[in-house]
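Asker: no FASTA, just this:
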């Protein structure tokens, strides 16, 4: 069965540090890839997505992610985090087929210390 | 409305009671999804509606769970004879291509 792994469950960084959150998926076919973010007290929001084309995708708030097909990875990066980036981050994969359901990782809780 | 809305935002119920959760999708979105998020876990797919097609119910954990959608509008998720393991946040999403999520309903079964 398809699955998504987020290896970092809890990350603590100081402001201005660089961020990289890992995401790996298990599926050999065509995929669409997403990062969602959930800020404290808010609902899940789309951060960025990859459907096709340039594997380096830029999203909101200075985030980017790189799709590396050979590694089945879609890691999220930000060169300099801010306190306001404190949130939970979810990687998700949509595989081919009729349903278009998303398969989510278990999430990474990021705490940025001022 | 501008986004997906869900009601109630919180629901506390006693074991064995039935509950009904509501989702109002973004207007014009043909697809609607229900997910469940248990504490400390990722989102778990429950059911998917696309237009007038038969729904994909493959994620429903038991026959106590059911969902309906009227056309391309409101959807309700019903859990019968609730159990403590049903406690979770139930999220609804709607889409044309990218899924946009509602705020969720936090269900607590005592």
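Answerer: Received it, and whenever you're ready, just let me know what you need. What you see is a predicted model; the values in this text were computed from it and never measured.
Asker: show me what contacts residue B:36?
Answerer: Contact analysis of residue B:36 by CB atoms under 8 Å, 6 or more residues apart in numbering or on different chains lists B:43, B:44, B:46, B:61, B:88, B:89, B:90, B:91. Where you see a C-beta, it was placed from the backbone N, CA and C, and this is true even at glycine.
Asker: Let's verify residue B:85: helix, strand, or coil?
Answerer: helix (DSSP: H, G, I helix; E, B strand; the rest coil).
Asker: what about the residue most central in space within chain B, helix or strand, and which?
Answerer: The centroid of chain B falls nearest to residue B:34 when counting by CA atoms, centre = their mean (3.7 Å). If you go by DSSP states H and E, residue B:34 is part of strand B:31-37.
Asker: that older thread, if we only consider the contacts of residue B:36, which is nearest to residue A:40?
Answerer: Closest to residue A:40 out of the contacts of residue B:36 is residue B:89 (14.1 Å), distances taken as CB to CB.
Asker: Can you name the residues that contact that closest one?
Answerer: Counting by CB under 8 Å, 6+ apart, residue B:89 touches B:36, B:37, B:104, B:105, B:106, B:107.
Asker: ok, residue A:88 touching residue A:35?
Answerer: No. Using CB atoms under 8 Å, residue A:88 is not in contact with residue A:35, being 11.3 Å away.
Asker: and the two? which has more neighbours close in?
Answerer: More crowded of residue A:88 and residue A:35, by other CB atoms under 10 Å in any protein chain shown: residue A:35, with 24 against 16.
Asker: Which pLDDT value does the model give that one?
Answerer: pLDDT for residue A:35: 97.
Asker: Might you report the residue contacts of it?
Answerer: Applying CB under 8 Å, 6+ apart to residue A:35 gives the contacts A:23, A:46-49, A:59, A:63, A:65, A:74, A:76, A:89-92.
Asker: let's see it at 10 Å
Answerer: For residue A:35, the contact set (CB atoms under 10 Å, 6 or more residues apart in numbering or on different chains) comprises A:21, A:23, A:46-50, A:57, A:59, A:63-65, A:74-76, A:89-92, A:105.
Asker: on that earlier part again, just the closest of the contacts of residue B:36 to chain A, please.
Answerer: residue B:43 (4.2 Å; CB to the nearest CB).
Asker: ok, that closest one - how many residues close by?
Answerer: Counted with other CB under 10 Å, residues neighbouring residue B:43 total 27.
Asker: list the contacts for it?
Answerer: A:36, A:44, A:90, A:92, A:101-107, B:33, B:35-37, B:88-89, B:91, B:93, B:101, B:104.
Asker: hey, what's it bridged with?
Answerer: When bridges are called by DSSP bridges, residue B:43 pairs up with residue B:37.
Asker: Please apply the same query to residue B:99.
Answerer: Here residue B:99, judged by DSSP bridges, has bridge partners residue B:95.
Asker: where does it land on pLDDT?
Answerer: For residue B:99, the model assigns a pLDDT of 90.
Asker: doesn't residue A:90 make contact with it?
Answerer: No. Shown here, residue B:99 and residue A:90 do not form a contact pair, counting by CB atoms under 10 Å, at 11.7 Å.
Asker: Could you name every residue contacting both of the two?
Answerer: Counting by CB under 10 Å, 6+ apart, the residues touching both residue B:99 and residue A:90 are A:34, A:36, A:44, A:102.
Asker: give the contact list for residue A:13.
Answerer: Per CB under 10 Å, 6+ apart, neighbours of residue A:13: A:19, A:78, A:81, A:85, A:86, A:110, A:111, A:112, A:113.
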